[in-house]
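Undergrad: Structure for the following, please:
(chains A and B)
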Amino acid sequence: MSLTSDGAPDSTAGDAGTPVIAVRGIAKHFGSIQALRSVDLDVHKGEVVGLIGDNGAGKSTLVNILSGALQPNAGTILLDGQPVTFASSLEARRAGIETVYQDLSLAPDLSVWENIFLGREKTVKGPLRYMGWLDRRAMVREAEADLDRTHIRIGSVNSLAGRLSGGQRQAIAVGRAVSWGSRVLLMDEPTAALGVEQQETVGELIRTVSSHGVPILLITHNLPQVHKLADRVAVLFHGHVVADLRCSEVTVDDMVSWITGAALGTERHAE
Amino acid sequence: MSLRLPSALTPPGTVASGSGPEGAESQRSAWLNAVDRFGDYWMLGVFVVMVLVFGFLSPSHDLFTRASWLNISQYAVEFLLLAIGQTFVIITGGIDLSDGAVLGFTGMVAGVVMQGLLNAHTNVTLTTVAGFATALALGAFIGFVNGYLITRLKLPPFIVTLGTLTAIGAGATPLINGGNEVINLPSQIGTIGQTLIGGWIYVPVLVAAVSCVIMGLVLHRTRFGLRTYSIGSNGTGARRAGIKVDNHLVKIYTISGLLAGLAGMMVMANFTDASPLAGQNDELNAIAAVVIGGASLFGGRGHMLGTVVGTFIIALLVTGLVLIGVSGSWQEVATGVIVVAAVAGDQVRLRLAER
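TA: I've put the predicted structure just below:
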């Protein structure tokens, strides 16, 4: 019993080709609790897909599986059509799946460029590289270029991350994620901690990134925002993707009724 | 504002740090950076003031003599060596209470080893080398055990290193050589301690200075140093960035132990004997030096130059108070006051940042 509207994505799949990332029949249980039953989801090049659902619907479990923090009990992840498995979040990142966590994962006491290059530092050439001697100049230069692409001004890349505003820090986290040639970007509640104006900034950031062809999976509670930003939304309900909706064709109220399961009742009767 | 506990009191991985200001305007960042910078360097000012005050209060300005410099610098060696390792540990948000005890223990074991080798008529130079090797290897091993327990068993650094301090300092060290000093040592040990380079620098001072420069460069210029800061600043983030946090912490505690072993040998060279009392309570002065130098017990902040200044502030307190005729006990009082002031300053900065 697949509840995804298989017909609709198929018609667009012809345009977009193989999905950049696709999940097929992903299931995950924690003891006797079935968090995900059988999830199918496609994300195509340049697409912004919202992942919505009530608390406990399985959103974070799915994100954790895609980012490599959890391993599924069943099902496959396809990256450009190739099945992949991730034993750790590092493996997922190496495969090109970058995650912008809700807490942003920035070190407040490190500078912007240090945050951007953390874990993938550039070292100098010559004998000092055996000591892990940092090539600060190269990293500063590249960090500036990366942030220019996100079109957000943060002053100096030498500023401490902890001294920047919420929107600026969000920009750094996104800039860092997309600077590594990522193939898909997961964003977990990117605007939860932000004011209205900064939410707008992040919205622009999302459009900029997707216009470069990097697809984004946006996990959020903010329905008006996801309605505005996303091309499609996938609704998780009791561990299934119960609906795959085009944002241009539905209203925020429609989304609410899918999230609460109200629409599901009528849909089932209709089927 | 909720109370934040230094992560040294909590097991690694449970670091629940508020990630700083939410929605701070960027205009404020300029003067906050200035506050940061001031916070990093105000102790340098304190140091200069102390030098001037003690210098001019001391009879016939004794502080500005060569003898006084030799005295202070020689005294500072053991604290500086311990404080170098402690700087790394505290920047990760941990603490190493065991390094003073490790200093005493490694010195005693190395002393007994060298005494045994001399009694067996081993070459004196070879004996000295064996002594150094013993102290460094033993110190590194104890540090490794500390790091292993902290990371693999997820125990708070405070508890693990307190256990090591008690087991080694109060337990094991007094058992060696019947709790007596080891005085039958190779003559080279004494030579190291007494040799003056250019009339101004004792060899142990040079050893401490070179260690300080090397480890300072490692901290501020290499990948290892950057990752050290990242672990203390945001441990979860460091893990997500692919840093092997546990391995890194084990390395840092191992370095701290190794430097304590080196300090054990330098103290031995200084006094030309190995004493079971060596290093007692040194960890407190080392921690004080690092905190005075601008490091945060919450992790993520601190620097090597600050540690050097902090060490010399403590060394100057001891010597300076004696020079102006104040009882040595007041030095302990003054150190305590300065440490509390430094931690309070750190808290004020945190609060300013969170507002």
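Undergrad: so B:L321 sits right up against B:S329, yeah?
TA: No - the pair B:L321 and B:S329 does not pass the contact test of C-beta atoms under 8 Å, sitting 9.2 Å apart. Yep, even glycine has a C-beta here, placed from its N, CA and C like the rest.
Undergrad: more crowded one of those two?
TA: Taking other C-beta atoms under 10 Å in any protein chain shown, B:L321 and B:S329 do not tie; B:L321 has more neighbours (20 against 9).
Undergrad: and that one, which of the three is it?
TA: Secondary structure assignment for B:L321 (DSSP: H, G, I helix; E, B strand; the rest coil): helix.
Undergrad: List the residues that contact it.
TA: B:F54, B:S327, B:G328, B:W330, B:Q331, B:A334 (C-beta atoms under 8 Å, 6 or more residues apart in numbering or on different chains).
Undergrad: 6 Å - rerun?
TA: B:L321 is in contact with B:W330, B:Q331, counting by C-beta atoms under 6 Å, 6 or more residues apart in numbering or on different chains.
Undergrad: Name the residues of stretch B:63-71 that are buried.
TA: Buried residues in stretch B:63-71, counted by 16 or more other C-beta atoms under 10 Å in any protein chain shown: B:L63, B:S68, B:L70, B:N71.
Undergrad: OK, contacts around the last one?
TA: Spelled out, that is B:N71. Per C-beta under 6 Å, 6+ apart, neighbours of B:N71: B:T319.
Undergrad: Give me the pLDDT value at it.
TA: B:N71 carries a pLDDT value of 88.
Undergrad: biggest separation within the buried residues of stretch B:63-71, which pair?
TA: Spatially, the most separated pair among the buried residues of stretch B:63-71 is B:L63 and B:L70, at 12.2 Å (C-beta to C-beta).
Undergrad: how many neighbours does the residue nearest to B:A274 when sequence neighbours are not counted have?
TA: Closest residue to B:A274 apart from its sequence neighbours, by C-beta to C-beta, 6 or more residues apart in numbering or on different chains: B:G111 at 2.9 Å. B:G111: 29 surrounding residues under other C-beta under 10 Å.
Undergrad: And B:G111, which helix or strand is it part of?
TA: helix B:99-119 (DSSP states H and E).
Undergrad: Next up, phi/psi of the residue nearest the centre of chain A, please.
TA: Nearest to the geometric centre of chain A sits A:L186, at 1.0 Å (C-alpha atoms, centre = their mean). When read as degrees, to the nearest 10, the backbone of A:L186 gives phi -100, psi 130.
Undergrad: and it, bridged to which residues?
TA: Note on A:L186: beta-bridge partners by DSSP bridges are A:T99, A:L217.
Undergrad: doesn't A:T99 make contact with it?
TA: Yes - counting by C-beta atoms under 6 Å, A:L186 touches A:T99, with 4.4 Å between them.
Undergrad: Could you pull out the residues contacting both of these two?
TA: The contact lists of A:L186 and A:T99 share A:S67, where a contact means C-beta under 6 Å, 6+ apart.
Undergrad: State the helix or strand in which B:M50 lies.
TA: Assigned by DSSP H and E, B:M50 falls within helix B:26-57.
Undergrad: and if you look at B:L249?
TA: According to DSSP H and E, B:L249 maps onto helix B:245-271.
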